[in-house]
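J.: The following block contains a protein sequence and its predicted model.
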Amino acid sequence: MSTVDYDENESKFMRKAKENPFVPVGMAGFFAIVGYRLWKMKSRGDTKMSVHLIHMRVAAQGFVVGAMTVGVIYSMYRDYIVKPREAQKALDNK
């Protein structure tokens, strides 16, 4: 796609979000997990700070990897199942 295909006022983030809707989901989940774990830091008990931060990082990264996996599966579904069906329907209608 060239830059002519996009609206001049549309941000790069919004273009990427339309192309792959799981990017904002992954980002939101990442920030939600980090925020929650930072908020829970005061009640971590006798757990060391480094262990708490490692758990926070692993949870946030796990959510992002999960969102990326779902996004790739969705893209493959859209590209290899939905588009060929639409192309076949177009050929059948001619």
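T.: Structure's in. What do you need?
J.: Point out where the protein drops to low pLDDT.
T.: 1-8, 94 (pLDDT under 70).
J.: Longest helix in it, by number of residues?
T.: In the chain, ranked by residue count with DSSP state H as the criterion, the top helix is helix 49-77.
J.: same for it, what does it pack against?
T.: If contacts are counted by 3 or more Cβ pairs under 8 Å, 6 or more residues apart in numbering; DSSP states H and E, helix 49-77 sits against helix 22-39. C-betas here are computed from N, CA, C, even on glycine.
J.: between the helix it packs on and helix 49-77, how big is the angle?
T.: 160 degrees (axes from the mean of the first three to the mean of the last three Cα atoms, to 10 degrees).
J.: Now helix 22-39: buried residues?
T.: By 16 or more other Cβ atoms under 10 Å, the buried positions in helix 22-39 come out as 22, 23, 25, 26, 29, 30, 33, 37.
J.: Grab the nearest non-local neighbour of the fifth one.
T.: When you say that, I think you mean residue 29. residue 63 (4.2 Å; Cβ to Cβ, 6 or more residues apart in numbering).
J.: Count the neighbours of that neighbour for me.
T.: Using other Cβ atoms under 10 Å, residue 63 has 19 neighbouring residues.
J.: got the contact list for it?
T.: Residue 63 makes contact with 26, 29, 30, 33 under the criterion Cβ atoms under 8 Å, 6 or more residues apart in numbering.
J.: possible to save the residues you listed as JSON lines with distance to residue 42?
T.: Output for these, formatted as JSON lines (distance: Cβ to Cβ, whole Å):
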{"residue": "26", "distance to residue 42": "27"}
{"residue": "29", "distance to residue 42": "22"}
{"residue": "30", "distance to residue 42": "21"}
{"residue": "33", "distance to residue 42": "17"}
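J.: out of the residues you listed, who's nearest residue 12?
T.: Distance to residue 12, by Cβ to Cβ, is smallest for residue 26 among the contacts of residue 63, at 16.4 Å.
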